[in-house]
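In: Pasting the sequence and the predicted model now:
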There are 2 protein chains.
Amino acid sequence: MTGKERADAARNRRAILDAADRLFAESADPHTVSMNDIAAAAGVGKGTLFRRFGDRTGLIRQVYAARLAPLRDRIENGPPPLGPSGTPRERIVAIIDAIAAIKLENAHLMIALEEGGTPAHRLHESADYVAVHELLTDLVTASGGGVHAGWVAHVLLAAVRADLLQHMASVEKRSPAEIRANLQAFTTHTLSLRLPDDT
Amino acid sequence: MTGKERADAARNRRAILDAADRLFAESADPHTVSMNDIAAAAGVGKGTLFRRFGDRTGLIRQVYAARLAPLRDRIENGPPPLGPSGTPRERIVAIIDAIAAIKLENAHLMIALEEGGTPAHRLHESADYVAVHELLTDLVTASGGGVHAGWVAHVLLAAVRADLLQHMASVEKRSPAEIRANLQAFTTHTLSLRLPDDT
DNA sequence: TGGCTAAACGGACCACTGGTCCGTATAGTG
DNA sequence: CACTATACGGACCAGTGGTCCGTTTAGCCA
């Protein structure tokens, strides 16, 4: 992807990504983290930051991708139940659980990433959402879901939205264990849902 | 609530509310509607707008409340299945369906309202969300839900988030009828969910 | 009807934001 | 070592949410 990248450019890119990750994780409200702040924390000029990532949304997407890369790898190449050799049903449950786990661990950051940049950053059209939604749709179909597999996948993902999980954990003081246990039961249960017009 | 309000003040309040409602409904991305725009469209000065509503979030909340008032009234005083004389189960289904219907009809506006103002406008802590969540929690409990009724209520509401519904309708071209039918089946099905540690 | 005052008005103003631009510096190559 | 493509950084810009205060006016009382 980056056949040639000057050494200083590479160094700065990592510095910016690290700084952004840290600042978003520290602040409760993503909107209070400005591009200036990130540039300053990374020790680079603002121009550098924008040249590298285009705009705020671009930066956020990259941070997001970096954070989610390990999970994605475990899903695509890892061992069961997450990896491809598991049964569809157990993979679905494991994936939802893993998403919940990662979001509970990085609540602030994940909220920043879901809310995205200022512009029309439609969550449901972001590459990450689309990718996981497609995978889940396939798995739901494979596990015997009907023609509405895509709909079911949306609902499963709606239950693990970062702000909802954060609210359950921080405001309602539910333990991550409880949340994830409920989620598992919910996921399993929802897989037995039969929607209208299913053949 | 407004024991005394000067006539001009009342007139301006309505003008602002109407203008904001219209502008949010017209624009796809709520962030493109500025407070200046609203003030100009309402024919008032910006100072008036801020004095009346405090800040952007305050204005948005009021628009939201105005839009949802009829639904709230039907839930609190209307006939079954929405009203209080229905059974808990049928009320839950009817409420989720009514929320979906209203959000599908006013997609842009509802997204603006859920996303809220620039600051930390936590959806799950807004008065409107809390109110409907509490009501649903009570109904789930009354319908035989276990100790996790509040959790179930969250999940039901997650399935009717405005941006998700809008995505299903506009991007995936699902008809409102299909979405609502799926939602009804999902709601009914989820009410039979049994979570861990339920007595 | 004509004051009089508290309430409301409106737009200039402020700090700050995301984003652009271009003169300057430097990494890497032959 | 020189030369050039690449990258740097911060001054700069338009526009934002929000504040402030001098001016206007609604509503009351005589």
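Out: Perfect, I can see it now.

In: Count residues in the vicinity of A:Ile131, would you?
Out: You called it Ile, but residue A:131 is Ala. The burial count assigned to A:Ala131 is 13, neighbours taken as other Cβ atoms under 10 Å in any protein chain shown. To be clear about C-beta, it is placed using only N, CA and C from the backbone, and glycine gets the same treatment.

In: same thing with the one 3 residues further on?
Out: By other Cβ under 10 Å, 12 other residues sit near A:Glu134.

In: any idea which helix or strand carries it?
Out: Assigning secondary structure by DSSP states H and E places A:Glu134 in helix A:127-142.

In: Pull out the CA atoms of the helix or strand that that helix is followed by and give them to me as PDB.
Out: Scanning the chain past helix A:127-142 towards its C-terminal end, the next helix or strand to appear is helix A:149-158 (assignment: DSSP H and E). Coordinates of the C-alpha atoms in helix A:149-158 are reproduced here as PDB (Å, rounded to 0.1, in the frame of the first residue of the first chain):
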ATOM      1  CA  ALA A 149     -30.300 -12.300   7.500                       C
ATOM      2  CA  GLY A 150     -29.000  -8.800   6.800                       C
ATOM      3  CA  TRP A 151     -31.700  -7.400   9.000                       C
ATOM      4  CA  VAL A 152     -30.800  -9.700  11.900                       C
ATOM      5  CA  ALA A 153     -27.200  -8.700  11.500                       C
ATOM      6  CA  HIS A 154     -28.100  -5.100  11.900                       C
ATOM      7  CA  VAL A 155     -30.000  -5.800  15.100                       C
ATOM      8  CA  LEU A 156     -27.200  -7.800  16.600                       C
ATOM      9  CA  LEU A 157     -24.800  -4.900  15.900                       C
ATOM     10  CA  ALA A 158     -27.200  -2.400  17.300                       C
END
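
In: And chain B, is helix A:149-158 touching that?
Out: Yes: residues of helix A:149-158 contacting chain B under Cβ under 8 Å from any Cβ of the partner chain: A:Gly150, A:Trp151, A:His154, A:Val155, A:Ala158.

In: What is the burial count for the residue nearest to A:Ala112 when sequence neighbours are not counted?
Out: Closest residue to A:Ala112 apart from its sequence neighbours, by Cβ to Cβ, 6 or more residues apart in numbering or on different chains: A:Pro30 at 3.4 Å. Summarising burial for A:Pro30: neighbours were counted as other Cβ under 10 Å, giving 20.

In: repeat for A:Arg52
Out: Neighbour count of A:Arg52, defined by other Cβ under 10 Å: 16.

In: so what's it up against?
Out: The neighbours of A:Arg52, taking Cβ atoms under 8 Å, 6 or more residues apart in numbering or on different chains as the test, are A:Ala9, A:Asn12, A:Arg13, A:Ile16.

In: what does the helix or strand bottoming out on mean pLDDT in chain A contact?
Out: Taking mean pLDDT, DSSP states H and E as the measure, the helices and strands of chain A show their lowest mean at helix A:107-115, namely a mean of 84. Contact partners of helix A:107-115, identified using Cβ under 8 Å, 6+ apart, comprise A:21, A:24-28, A:30, A:33, A:60-61, A:63-64, A:67, A:102-103, A:121, A:123, A:161-163, A:165-166, A:169-170, B:115.

In: go on, stretch A:31-42?
Out: The contact list for stretch A:31-42 (Cβ under 8 Å, 6+ apart) reads A:12, A:15-16, A:18-20, A:22-24, A:27, A:45-46, A:48-50, A:56, A:59, A:112, B:118-120.

In: about what we covered before: in helices, which of the contacts of helix A:107-115 fall?
Out: Mapping the contacts of helix A:107-115 onto helices (DSSP state H) picks out A:21, A:24-26, A:60-61, A:63-64, A:67, A:102-103, A:162-163, A:165-166, B:115.

In: Show me which residues of chain A sit near chain B.
Out: The interface of chain A toward chain B, taken as Cβ under 8 Å from any Cβ, is made up of A:28-29, A:31, A:115, A:118-120, A:122-125, A:148, A:150-151, A:154-155, A:158-159, A:161, A:163-164, A:167-168, A:171-172, A:174, A:178-179, A:181-182, A:185-186, A:189-190, A:192-196.

In: Could you pick out the buried ones from those residues?
Out: Of all those considered here, the ones buried according to neighbour count by 16 or more other Cβ atoms under 10 Å in any protein chain shown are A:115, A:122-124, A:148, A:150-151, A:154-155, A:158-159, A:161, A:163-164, A:167-168, A:174, A:178-179, A:181-182, A:185-186, A:190, A:193, A:195.

In: Please parse chain A into its domains.
Out: With domains defined by automatic domain parsing, chain A comprises A:1-54, A:64-190.

In: out of the ones you listed, deepest packed?
Out: Comparing these on average neighbours per residue, with mean count of other Cβ atoms under 10 Å in any protein chain shown, the densest one is domain A:64-190 at a mean of 18.

In: now do the same end-to-end measure for that domain.
Out: 28 Å (Cα to Cα, to the nearest Å).

In: Can you confirm whether it lies near DNA strand D?
Out: No: with Cβ under 7 Å from any atom of the strand as the criterion, DNA strand D is not reached by domain A:64-190; the gap is at least 9.3 Å.

In: so how far is that domain from its chain's centroid?
Out: For domain A:64-190, the distance from its own C-alpha centre to the chain's C-alpha centre is 7 Å (Cα atoms, centre = their mean, to the nearest Å).

In: quick one: low-confidence parts of chain A?
Out: Within chain A, the set of residues satisfying pLDDT under 70 comprises A:1-3, A:116-121, A:198-199.

In: hmm, 50 instead?
Out: When the per-residue scores of chain A are filtered using pLDDT under 50, the ranges that remain are A:1.

In: Up against DNA strand C, what does it have?
Out: So far as Cβ under 7 Å from any atom of the strand goes, chain A lies against DNA strand C at A:6-8, A:33-37, A:46-47, A:50-51, A:55-57, A:117-119.

In: Give me the angle between the least confident helix or strand of chain A and helix B:107-115.
Out: Between the direction of helix A:107-115 and that of helix B:107-115, the angle (axes from the mean of the first three to the mean of the last three Cα atoms, to 10 degrees) works out to 160 degrees.
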